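Engineer: need a 3D model of the following:
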Amino acid sequence: MIVVLAVAVVLGLYLYGVRQQFLYVNTRSSTIDQETYLETAKSLKLSQYSILTDRNRMPVYPYLLSLVYEPGLSEEAFFARGKLFNIGLSLLILPILFGIFRRYLPWATAVILILIHIFTLYIFKAAYTQVELLFYLLSFLGYLLLAHLLYRPDSWQTAVFAGVLLGVAHLTKASVLPGLAVFVGTAGLQTAVQAIKNSDTLVFGRQTVLRVAVPALVLLFFLLTIWPYLQNSKNRFGHYFYNVNSTFYIWYDSWYDVLDGTRAHGDRLGWPDMPPEEIPSAAKYFQTHTLPEMGQRLAKGFLITLVSMADSYGYLKYMIILFGLVLSLSLFNRQRAWAILTQHFYLALFSFGFIVLYVLLYAWYTPIANGNRLVLALFSPITFTFCFIIYRLFDQQLLIQLNRKSTRTVHLGLLLNWLLGSLLLVDGYIILTERISLMYGGF
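Structural biologist: Numbering: from 1, shown residues only. Just a heads-up that it's a prediction; the model follows:
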């Protein structure tokens, strides 16, 4: 009964905050991609799903939005329906997230973590016709599945499922390839090292085949899932993985260069109609920019991203607290930290590489587009990973004596839960009484 009442209270507060964003903050569809998603969804429905998307936004989310469109519906009515659809989507996503947290974390920690997600992220972003919430879930699930395959590289069923899910994630937002590359590289290294270690044993052949087969299956089913889209891109745009952001925009120095460059020459209708020497590419960028210039771009982008995170919905403080405790536990328990690192080296390498690579890419892309939307794709992977390290890998180190002469102990995990819960209580009051009605959640 108490649990049901608590869920009802949280749901009521969440819907109140979402309503504030719906009615008083997100009142214009013309801001931050919303109108484009709505127009694409409308065009898909009216063309009976025969048109192509523009290779800037991927097709899954517009397709889902098209399911709530009816011919003759006004722009205002469709905008309202789209917002309601996304709110409903968030109500499906949050229980899935909690189920994942509960499976791997203690009950109280799972509750605290889902409440942090609810009141510092989802409550702000639910009432927007944007793809992000769906992509955050798919990206997080992909991250967990790939990590699981490094921990148990003999699970071919998981490999198949991971490939399909990552394919759907790619068709939702074209941002999964870097993470997939980190996984393939890590799995390749793991396979090579294990092959060398077991080269003189009878299990060498079987283990090597299994370790090679798992990333191969992930890639195969990823490609099979997105193959119709790739083939369509090749026929229309000349490249299988054509996307205006990763093909062109990332190699410009500013959004104004984009507007004057390939976008002005039809890059969303086909290959841009401009001289080849004027079309940006990685090779041309590295030829025309010095290392200090590239370093400055990364440093400035990282700073802008950090400022955006600090001046946002309120989630950053929780990431800092969790990181601080992970760092402290590692420094004060170096022997245990080293044991964890050696025992789970490939998992650590994958997680570190995954997070760092995306942080670098988001910082690099800042001159073209910045804000919370990009970096928040890392919020669930980072906070979950920190909590898993604290409560599962350092669980024996959380119980400490108050002093050498006393037998009294304190549990750092419980203290952390109380700290995060108390902070969230104060933060939640500020959010629900002020911030939710003033801060735009679409950035």
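Engineer: gap between the residue most central in space within the chain and residue 111?
Structural biologist: The centroid of the chain falls nearest to residue 377 when counting by Cα atoms, centre = their mean (2.4 Å). To residue 111, residue 377 is 23 Å away according to Cβ to Cβ, to the nearest Å. C-betas here are computed from N, CA, C, even on glycine.
Engineer: can you check residue 314 too?
Structural biologist: 18 Å.
Engineer: that older thread, doesn't residue 135 make contact with the residue nearest to the centre of the chain?
Structural biologist: Yes - using Cβ atoms under 8 Å, residue 377 is in contact with residue 135, at 6.6 Å.
Engineer: in the stretch 251-400 of the chain, which spans are helices?
Structural biologist: For the stretch 251-400 of the chain, helices defined by DSSP state H, counting those that start in this stretch occupy the ranges 255-260, 282-288, 291-310, 316-332, 334-343, 345-365, 372-375, 379-388.
Engineer: for residue 212, which non-adjacent residue is spatially closest?
Structural biologist: residue 191 (5.8 Å; Cβ to Cβ, 6 or more residues apart in numbering).
Engineer: flag the shaky bits of the stretch 301-443 of the chain, pLDDT-wise.
Structural biologist: 401-407 (pLDDT under 70).
Engineer: what angle do helix 379-388 and the helix or strand hosting the residue nearest to residue 212 make with each other?
Structural biologist: Using DSSP states H and E, residue 191 sits within helix 177-197. With axes from the mean of the first three to the mean of the last three Cα atoms, to 10 degrees as the basis, helix 177-197 and helix 379-388 are set at 40 degrees to each other.
Engineer: quick check: buried residues in the helix or strand just after helix 177-197?
Structural biologist: Sequence-wise, the next helix or strand downstream of helix 177-197 (DSSP H and E) is helix 204-237. Within helix 204-237, the residues scored as buried using 16 or more other Cβ atoms under 10 Å are 207-208, 210-215, 217-219, 221-222, 225-226, 229-230, 232-233, 237.
Engineer: can I get the helix or strand just after helix 204-237 as PDB, trimmed to CA atoms?
Structural biologist: Going down the chain from helix 204-237, the next helix or strand is helix 244-247, by DSSP H and E. Provided in PDB are the C-alpha atoms of helix 244-247 (Å, rounded to 0.1, in the frame of the first residue of the first chain):
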ATOM      1  CA  VAL A 244      24.600  15.500 -43.300                       C
ATOM      2  CA  ASN A 245      25.900  15.900 -39.700                       C
ATOM      3  CA  SER A 246      28.700  13.200 -39.800                       C
ATOM      4  CA  THR A 247      29.400  13.600 -43.600                       C
END
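Engineer: tell me the mean pLDDT over helix 244-247?
Structural biologist: Regarding helix 244-247, the rounded mean pLDDT is 92.
Engineer: ok, for residue 438, nearest residue in space, not its chain neighbours?
Structural biologist: Per Cβ to Cβ, 6+ apart, closest to residue 438 is residue 25, 7.4 Å.
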